[in-house]
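Student: Got a predicted structure here, sequence first:
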Amino acid sequence: MTDTPPPLPKLNSILMSREGRMLKITLNRPEALNAVSLELHDELVEALWFAQGDPDSDLLLLTGAGRAFSAGGDMDHIARSAENPHLFDHEARMAKRIVFMLLDIDKPIVCRLNGHAVGLGATIALLCDIIFAAEGAKIGDPHVGIGLVAGDGGAVIWAQRIGLARAKEYLFTGELLTAKQAAEIGLVNHCVPAGELDAAVDAFCQKLLGGAMGAIRMTKVLTNLELKRIAHAVMDAGIAMESLSVRSADHREGIAALREKRKPKFGGAS
């Protein structure tokens, strides 16, 4: 422990704050439902890098500002990448870093799922260790709905939380689950009334902070070994396949349909 905690990074799309030995990371684009822009992508890597090395925190709390946790990819950003597929290469590298950093951080990470978590937003939430979700929130990975491969972590974490058969069903359809449904099948740990979310999260965080943190952190390292093995086996192929799908006609059609508020007319696999 240091006498003076190191200064927190000053970021545009993410807020960081301290509450005792807890470091709070808040996705902060409430006007866009915390959709993941290029800037947020890059800043989340920076925030997680700081969090891992921060000597004055033992626990991380990850949440979103406003009504959503994260509504997935920012639509303008997604469309820009579809028009200029080479731009996706940087995003792919950042997505891979986010996945591995969430798995590598040995401090427990608690997710306060205050609202919808979609696409990469769902992956970020599901890679946390413990998830408290507010009633009314929904979670899902609808990459396929816009003609994309769920390659940025969904194929890694969904099956580990709910089993392969259920994971395939939800990743193949992109269906969103309510927080209640997600808790019933073990996708998230707890579903609580929105008005009780803060109290439930705080009580759990204080319980962990009052525990034998060295043992807790090493237990996290141990239980994440298999997850990291799977991530190492899957992520490079997943990013490569998603990169191919970014260049597809089905992806361009999916974006157009979303913007025009109509059902997409996909051409099928070539």
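Tutor: Sure, I can see it.

Student: For the rest of this, base every contact and every neighbour count on C-alpha atoms.
Tutor: Will do.

Student: Return the residues in contact with Gly119.
Tutor: With contacts defined as Cα atoms under 8 Å, 6 or more residues apart in numbering, the neighbours of Gly119 are Ala71, Gly72, Gly73, Gly140, Asp141, Pro142, His143, Gly154.

Student: List phi and psi for it.
Tutor: As for Gly119, its main-chain torsions (degrees, to the nearest 10) stand at phi 60, psi -130.

Student: i'd like the first residue to be 20 from this point on
Tutor: Got it, the first residue is 20 from now on, which makes the last one we talked about Gly138.

Student: From Gly92, how far out is it?
Tutor: With distances defined as Cα to Cα, to the nearest Å, the gap from Gly138 to Gly92 amounts to 7 Å.

Student: Likewise for Lys247?
Tutor: Here the criterion is Cα to Cα. By it, Lys247 lies 24 Å from Gly92.

Student: Give me the more crowded residue out of the two.
Tutor: Applying other Cα atoms under 10 Å to Lys247 and Gly92 shows that Gly92 carries more neighbours, namely 21 against 17.

Student: If the more buried one is in a bridge, with which residues?
Tutor: The residues listed as beta-bridge partners of Gly92 by DSSP bridges are Val55.

Student: Wait, it touches Val55, no?
Tutor: Yes: here Gly92 reaches Val55: they are 4.6 Å apart, a contact under Cα atoms under 8 Å.

Student: Identify the contacts common to the two.
Tutor: By Cα under 8 Å, 6+ apart, Gly92 and Val55 have these common neighbours: Leu139, Gly140.

Student: Distance from stretch 255-270 to the middle of the chain?
Tutor: Averaging C-alpha coordinates over stretch 255-270 and over its chain gives two centres that are 19 Å apart (Cα atoms, centre = their mean, to the nearest Å).

Student: List the buried residues for that stretch?
Tutor: For stretch 255-270, the buried set under the neighbour-count rule, 16 or more other Cα atoms under 10 Å, comprises 255, 257-262, 264-267, 269-270.

Student: what does stretch 82-98 give?
Tutor: Neighbour-count burial for stretch 82-98 flags 82-94, 96-98 (criterion: 16+ other Cα under 10 Å).

Student: Select from these every entry located in strands.
Tutor: Of those, the ones assigned to strands by DSSP state E are Thr82, Gly83.

Student: between the buried residues of stretch 82-98, which is closest to Arg131?
Tutor: When the buried residues of stretch 82-98 are compared for distance to Arg131 (Cα to Cα), Thr82 wins out at 4.9 Å.

Student: can you count the residues close to Glu154?
Tutor: When neighbours are defined as other Cα under 10 Å, Glu154 has 20 of them.

Student: With the one 4 residues further on instead?
Tutor: If you count neighbours by other Cα under 10 Å, Ile158 ends up with 30.

Student: what mean pLDDT does whichever strand or helix holds it have?
Tutor: Ile158 is located in strand 157-159, with elements delineated by DSSP states H and E. Mean pLDDT, taken over the full extent of strand 157-159, equals 98.

Student: swap in stretch 195-214?
Tutor: Averaging pLDDT along stretch 195-214 gives 98.

Student: Relative to the whole chain's centre, how far out is it?
Tutor: Per Cα atoms, centre = their mean, the centroid offset for stretch 195-214 relative to its chain is 16 Å.

Student: got a list of contacts for that stretch?
Tutor: Contacts made with stretch 195-214 from outside it, assessed by Cα under 8 Å, 6+ apart, are listed as 133, 137, 145, 149-161, 177, 180-181, 189, 219.

Student: try 7 Å this time
Tutor: Where contact means Cα atoms under 7 Å, 6 or more residues apart in numbering, the residues beyond stretch 195-214 that reach it are 149-159, 180-181.

Student: next one: stretch 97-105
Tutor: Contacts with stretch 97-105, where a contact means Cα under 7 Å, 6+ apart, come from Leu106, Phe107, Val265, Arg266, Arg271, Ile274.

Student: Swap in 6 Å and give it another go.
Tutor: Leu106, Phe107, Val265 (Cα atoms under 6 Å, 6 or more residues apart in numbering).

Student: Can I get that stretch in CSV? Just the C-alpha atoms.
Tutor: Once non-C-alpha atoms are left out, stretch 97-105 reads as follows in CSV (Å, rounded to 0.1, in the frame of the first residue of the first chain):
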residue,chain,number,x,y,z
ILE,A,97,-19.6,-0.2,-37.0
ALA,A,98,-20.7,1.3,-40.3
ARG,A,99,-17.3,3.1,-40.8
SER,A,100,-15.5,-0.2,-40.3
ALA,A,101,-17.8,-1.9,-42.8
GLU,A,102,-16.9,0.8,-45.4
ASN,A,103,-13.2,0.6,-44.5
PRO,A,104,-12.6,-3.0,-43.3
HIS,A,105,-8.9,-2.3,-42.7
